[in-house]
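Below are the sequence and a predicted model for it; my questions follow.
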Amino acid sequence: MVKICCSLLLLSLLSGQLNANPGLQVRITQKGLEYAKEVGLEILKQNMEKENFPDLSGYEKYGLGNVKYNMSRIHVTAVEFPSASISLIPGTGIKLVIGNASLTIDMNWNIRTWMFKDSGRSTVYISKVFVTAIFSTPLDNTGHTSISLTSCRTTSGDIDIKLNGKSGFLHNFFIKYLKKPIHRSLVTNSCPNIRSGIQLLDEDLRSLNVPMPIDDFTEVDYSLNSLPAVFQQFIDLDLKGIVYPAGNYTVSPYVAAPFTIPDQGDSMLYLAFSEYFFQTSSFAYYTAGAFNITIAEETCSYFNISTEIFGSIIPEVAKYSVTPYPVMLKLMATEIPIVSLEQDSFTVEIQGSIEVFAVLPDSTTQLLFTMNIAANTSIALNIFDQKLVGSLCLNRLQFSLAHSNVGFFEISLLENILSYILQTEVIPSANAKLSKGFPLPNLANVTLTRPHITLVQGYMLISTDVHYKH
């Protein structure tokens, strides 16, 4: 139960250092915590009804002797949680209260004294069980944020035992000495069991303390940027939200700007990716060389590019290369692409170059000319399979001649064919990579349901509910 009731807090277990503004801010609302509570209690109920409990045995004082007891084959047949609440304690953590819970248990029993002994089957009804637990997220000795059980208290009220086939004095005598160990076991084991569940949760999420691979080029760091901020109606988690070249933690030239998630609670979870997150993505892909593309005759999907085709458009190429040769294009970004998030708009400005080579029979290449290119693109975003996926659209292109070995020519002559190559070769290649998606902060067994993306100035907001699959 604890694992589920805290499942929407998993991100707060990521490693953290106290830095400035985050690249990603996560907000868990009261609606999200209420869902976690309901799911958690249902799973707790199912698990308790399936669990095999250890035998209870021991001694109780009786006059001049002892009563030896043993309870075995303990099985919970029914669990009820008529009252439970989960709330936030500002500046502290989460408070879980289970009130007036009840359990029905079947078990074998055996009692032995110096005077007599007996055994049988019994039904135990435990009512008025109250559990109060408070969880916090302090820093551990390595500087990482962990989850801990700050306080826990269990009380049980009434225990009613029915011994099958027993009545009278012996019935009451046996019940008296069976109640004590049942009560003691319930009170002493509940909180340690909760603590064990917390420790398992902490261990499961240690892997999230390291950067998460995106693809062959990059990885993302979702570690905590500062301690979770607990308010009356929600919890805010500031995550680094930085994308790096794979295995290369080069500091990007960007600085995260402050931003604030709107005060709303209609969804269970809000994830706000700042412009800084996408800027570091651009820097990482640029540094890793992901914007460099080579198009050759054998890889061109729609037509064979050759000096003959270019020569039919540009007389200077025809004069320079009388014999037709295959052509190879090398495209590269010459500057870090500029990312801009505005209201309902995600644009990327790319400055690059295109080098056009003739491929000679001995497989060497000869540079024909180099062109500068300025591309204005927009990206449409969606969420699929727990990943943020994008689709690139080319809005505007500008070309200029940077260098030519075939002599000067009007660049406008090439605009149509180069635009066609970009639209049919480069954009589909980019979209194939974007369709693989950015992994979102991953909550174990939790999927986003009905996510909605909103683009505003400076950040992208995902509003979503969640579903836990047990």
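Sure, I can see it.

May I have the strands that pair with the helix or strand containing G352, each with its orientation?
In this structure, G352 sits in strand 345-359 according to DSSP states H and E. Next to strand 345-359 in the sheet, as set by DSSP bridges, lie strand 327-333 (antiparallel), strand 338-342 (antiparallel), strand 365-384 (antiparallel).

all helices for the protein, in order.
Taking DSSP state H as the criterion, the chain contains helices spanning 2-5, 30-50, 168-204, 275-287, 307-313, 315-320, 415-421, 427-434.

just checking, what packs against the fifth one?
Contact analysis of helix 307-313 by 3 or more CB pairs under 8 Å, 6 or more residues apart in numbering; DSSP states H and E lists helix 315-320, strand 327-333, helix 415-421 as its packing neighbours. Glycine gets a C-beta too; all of them are placed from N, C-alpha and C.

circling back to that earlier point, so which of the helices of the chain comes closest to D238?
helix 275-287 (12.0 Å; CB to CB).

orientation of the closest one relative to helix 427-434 in degrees?
120 degrees (axes from the mean of the first three to the mean of the last three CA atoms, to 10 degrees).

sorry, back to before: quick one, which of the helices of the chain gets closest to V67.
Of all those, helix 168-204 comes closest under CB to CB, at 4.7 Å.

what helices or strands is the closest one leaning on?
Against helix 168-204 (3+ CB pairs under 8 Å, 6+ apart) you get helix 2-5, strand 56-62, strand 65-80, strand 93-112, strand 117-136, strand 148-155, strand 158-163.

Next, format these as a markdown table and append mean neighbour count, mean pLDDT and distance to D238.
Shown next, in a markdown table, are these (neighbours: other CB atoms under 10 Å; pLDDT from 0 to 100; distance: least, CB to CB, whole Å):
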| stretch | mean neighbour count | mean pLDDT | distance to D238 |
| --- | --- | --- | --- |
| helix 2-5 | 23 | 44 | 23 |
| strand 56-62 | 14 | 80 | 47 |
| strand 65-80 | 16 | 86 | 38 |
| strand 93-112 | 19 | 89 | 16 |
| strand 117-136 | 17 | 88 | 17 |
| strand 148-155 | 16 | 87 | 20 |
| strand 158-163 | 16 | 86 | 47 |
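
could you dump those to CSV with distance to L448?
Below are the helices and strands packed on helix 168-204 laid out as CSV (distance: least, CB to CB, whole Å):
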stretch, distance to L448
helix 2-5, 17
strand 56-62, 44
strand 65-80, 30
strand 93-112, 21
strand 117-136, 24
strand 148-155, 28
strand 158-163, 43
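
Could you point out which of those sits nearest M268?
helix 2-5 (13.5 Å).

rewinding a little: averaged pLDDT, the strand holding G352. What do you get?
Strand 345-359 carries an average pLDDT of 95.

and the nearest residue to A333 once chain neighbours are set aside, how far is that from M212?
In space, A333 comes closest to F291 once its chain neighbours are excluded; the distance is 3.7 Å by CB to CB, 6 or more residues apart in numbering. Distance from F291 to M212, counting by CB to CB, to the nearest Å: 22 Å.

Might one say that P211 is in contact with T218?
No: using CB atoms under 8 Å, P211 is not in contact with T218; the gap is 9.3 Å.

Between the two, tell me which one has more neighbours.
Using other CB atoms under 10 Å, the more surrounded residue of P211 and T218 is T218, with 23 against 19.

Deepest in the core, which of the strands paired with strand 345-359 is it.
Neighbour counts (mean count of other CB atoms under 10 Å) averaged over each of the strands paired with strand 345-359 peak at strand 327-333, with a mean of 20.

Show residues contacting that one.
286, 291-297, 305-307, 309-310, 350-359, 365, 368, 373, 421, 426 (CB atoms under 8 Å, 6 or more residues apart in numbering).

what do you get if the cut-off is 6 Å, keeping everything else the same?
Applying CB atoms under 6 Å, 6 or more residues apart in numbering, the contact partners of strand 327-333 are 286, 291-296, 305-307, 350, 352-357, 359.

Of the helices of the chain, give the one that comes closest to S404.
Of these, nearest to S404 by CB to CB is helix 315-320, at 7.6 Å.

Which positions in the strand holding G352 come out as buried?
F346, V348, I350, G352, S353, I354, E355, V356, F357, A358, V359 (16 or more other CB atoms under 10 Å).

out of those, what pair is the most spread apart?
Spatial extent of the buried residues of strand 345-359 (CB to CB) is set by the pair F346 and A358 at 38.3 Å.

CA atoms only: put stretch 53-63 into CSV for me.
C-alpha atoms of stretch 53-63 as CSV (Å, rounded to 0.1, in the frame of the first residue of the first chain):
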residue,chain,number,x,y,z
PHE,A,53,1.2,-15.1,7.5
PRO,A,54,3.8,-16.7,9.7
ASP,A,55,2.7,-18.7,12.7
LEU,A,56,2.3,-17.1,16.1
SER,A,57,3.6,-19.0,19.1
GLY,A,58,4.7,-18.2,22.7
TYR,A,59,3.8,-18.2,26.3
GLU,A,60,1.4,-16.1,28.5
LYS,A,61,1.5,-16.0,32.3
TYR,A,62,-1.3,-18.0,34.0
GLY,A,63,-1.3,-18.2,37.8
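
can you give me the offset of the strand holding G352 from its chain's centre?
Relative to its parent chain, strand 345-359 has a centroid offset of 33 Å by CA atoms, centre = their mean, to the nearest Å.

cool, and stretch 213-221?
Its chain's C-alpha centre and that of stretch 213-221 lie 14 Å apart, by CA atoms, centre = their mean.

same deal with stretch 104-119?
On CA atoms, centre = their mean, the centre of stretch 104-119 falls 51 Å from that of its chain.

For the closest residue to F231 other than its chain neighbours, list the residues it contacts.
Closest residue to F231 apart from its sequence neighbours, by CB to CB, 6+ apart: P90 at 5.6 Å. Contact analysis of P90 by CB under 6 Å, 6+ apart lists V230, F231, Q232.

which among these gets closest to S122?
Proximity of those to S122 (CB to CB) peaks at V230, which lies at 44.8 Å.

was I right about E349 contacting I338?
Yes: assessed by CB atoms under 6 Å, E349 is found in contact with I338 at 4.2 Å.

that older thread, who's more crowded, F291 and M212?
Ranked by neighbour count (other CB under 10 Å), F291 and M212 place F291 first, with 21 against 16.

Just the pLDDT for that one.
F291 is given a pLDDT of 92.

How about S207?
pLDDT, S207: 52.

ok, now S167?
On the pLDDT scale, S167 gets 57.

Alright, I will stop here.
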